[in-house]
Each structure stands twice: as C-alpha cells, then as structure tokens.
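Enquirer: kindly return the folded structure for what I paste below:
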Amino acid sequence: MGRCPVVEVGMGGVVVPSLLDTGSMVTTITESFFKEHFGHLTDSQLRECAWLDLRAGNGLKLPYLGYLELAITILGKCVPRKGVLVVKDPEDPHMLQRKMQTPGVLGMNVIKGFYYELFVQYGPGLFDDPSITEAPEWRRALRHCHAEELLINSPEPFKVRVKGHVEPCEETPEDVPAAVQHLRASTPSSAPPAPDLVTKEGSKVSSSH
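Expert: Numbering: from 1, shown residues only. As a prediction, this is how the structure comes out:
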C-alpha cells in the first residue's frame, strides 16, 4: 500500500486517528492516549501479554503496557472484541509529536475482522457497498484481505510473476503447493536479464530454459 493512510475509527466509543497498516499484525494505541481516554478502566481490563515479542518494522522492540479488548467502529459498522495493544510513548520528541497527531495503528487483526463482517453481510459484493466505494483507502485494505483469502483457500493453481533472472542450483523439478512460500538456493547468472517468468503454483518448476 505504500505510505499508510490515516483514517478515523471508534475504539470503545472514542474516535482514534489511526494509520491503516496492512503490514502490521496488531492494533495499537499510545500510552498517553490510553491514559487520557481510557484511564477509567480497571487494571483487570488492561491485560498482560508477556509472551508477545512486539517489534517495529526496523526490528527494534516496541515496549508496551498490555492490551485491552474494545469494540471497533469502522464506517458505521461494529467489529466486536478486538485486541488493542497499549504501546509506550516514544522518547524521541519528533516521533512523540507524530504519535500525538495519530495515536493509533490499525493492524490486520482489526482489518480482517472488518473484512469478515462485511463478507458475511454482502459476500463478494462488499466492494460495491457505497461506504466502501467512497473510502478508497479502506477499499485497498479490504482488497488486500480478499487476495489473502483467495490465496489461502483457492484449490486451483494460480500464476506467480518472478522478477529478474536466476539460475537454480539443481535441475530436479519440484512441486510448489498453493499458498506456500518456497525458497530455492540459486546463483546469479552472467547472462542478460530474461523477461519476467510466469509460472503456476501447484505445477512443476524446473531449471530448463
């Protein structure tokens, strides 16, 4: 999706400006936003999750206080009981200022929940719903979810485009099942780059040219 768009959603009845991030598996709000708007919650409602090792895209650990379950309202539709992590405020003043403006991050646990709610109601026609057609940032995020579901559930082979030119190290053909990522050892070729190779998962892949 490139740079994440900013959307407004309701979390527990509070409007939260949030990054719509299909690259994040979790949904977060900042510590300061939590204290300002959810400080009335009891300690039992902010749960510990010491088992979770949360890291940013650059690999650095993201310290957090715990998580809570909130109903998320998106485009007038409610996604019930989704986990929201409360992350500590960044120490960097510039980052802190940015987080004050956009204290939330909507990850795939919420985005997929929204997708499932819409799919139950509309089926594949969900993309024709006016609330979605008028919200292009959500339309892109939901298409991302839809593509993932097709990848996971499709029994049929599908095309995969491979960029560049690579020579496999071995000649033995092998099966590449659908919905499976597969890494093969390879060596760079001194030949000029070949056109994009289109193959199919579920079919034989060999090194023959």
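Enquirer: contacts, neighbours, all on C-alpha from now
Expert: Noted.
Enquirer: who does L68 bridge with?
Expert: V84 (DSSP bridges).
Enquirer: also the one 4 residues further on?
Expert: Beta-bridge partners for I72, by DSSP bridges, are M11, V79.
Enquirer: show me what contacts it?
Expert: 9-12, 78-82, 110 (C-alpha atoms under 8 Å, 6 or more residues apart in numbering).
Enquirer: if we go to 6 Å?
Expert: 10-11, 78-79 (C-alpha atoms under 6 Å, 6 or more residues apart in numbering).
Enquirer: mind listing what's buried in stretch 99-108?
Expert: Within stretch 99-108, the residues that count as buried by 16 or more other C-alpha atoms under 10 Å are 99, 102-108.
Enquirer: tell me which two in those residues are the farthest apart.
Expert: Spanning the widest gap among those are K99 and M108, at 19.6 Å by C-alpha to C-alpha.
Enquirer: so where do the strands sit in this protein?
Expert: 6-11, 14-20, 28-30, 64-74, 77-87, 104-106, 159-162, 166-168, 174-175, 186-188, 197-200, 204-205 (DSSP state E).
Enquirer: tell me the angle the fifth one makes with strand 64-74.
Expert: For strand 77-87 against strand 64-74, the angle by axes from the mean of the first three to the mean of the last three C-alpha atoms, to 10 degrees is 160 degrees.
Enquirer: and strand 77-87, what does it pack onto?
Expert: strand 28-30, strand 64-74 (3 or more C-alpha pairs under 6 Å, 6 or more residues apart in numbering; DSSP states H and E).
Enquirer: what about 7 Å?
Expert: strand 28-30, helix 31-38, strand 64-74, helix 108-122 (3 or more C-alpha pairs under 7 Å, 6 or more residues apart in numbering; DSSP states H and E).
Enquirer: just the CA atoms of the last one, as CSV, please.
Expert: Presented in CSV, the C-alpha positions along helix 108-122 are these (Å, rounded to 0.1, in the frame of the first residue of the first chain):
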residue,chain,number,x,y,z
MET,A,108,-4.6,-6.9,10.3
ASN,A,109,-6.4,-8.3,13.4
VAL,A,110,-8.9,-5.4,13.0
ILE,A,111,-8.8,-5.0,9.3
LYS,A,112,-9.5,-8.7,8.7
GLY,A,113,-12.3,-8.6,11.3
PHE,A,114,-13.9,-5.8,9.4
TYR,A,115,-13.5,-7.7,6.1
TYR,A,116,-15.2,-10.8,7.6
GLU,A,117,-18.1,-8.7,9.0
LEU,A,118,-18.7,-7.2,5.5
PHE,A,119,-18.2,-10.5,3.7
VAL,A,120,-20.9,-12.2,5.9
GLN,A,121,-23.3,-9.4,5.1
TYR,A,122,-22.5,-8.8,1.4
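Enquirer: fine by me, thanks again.
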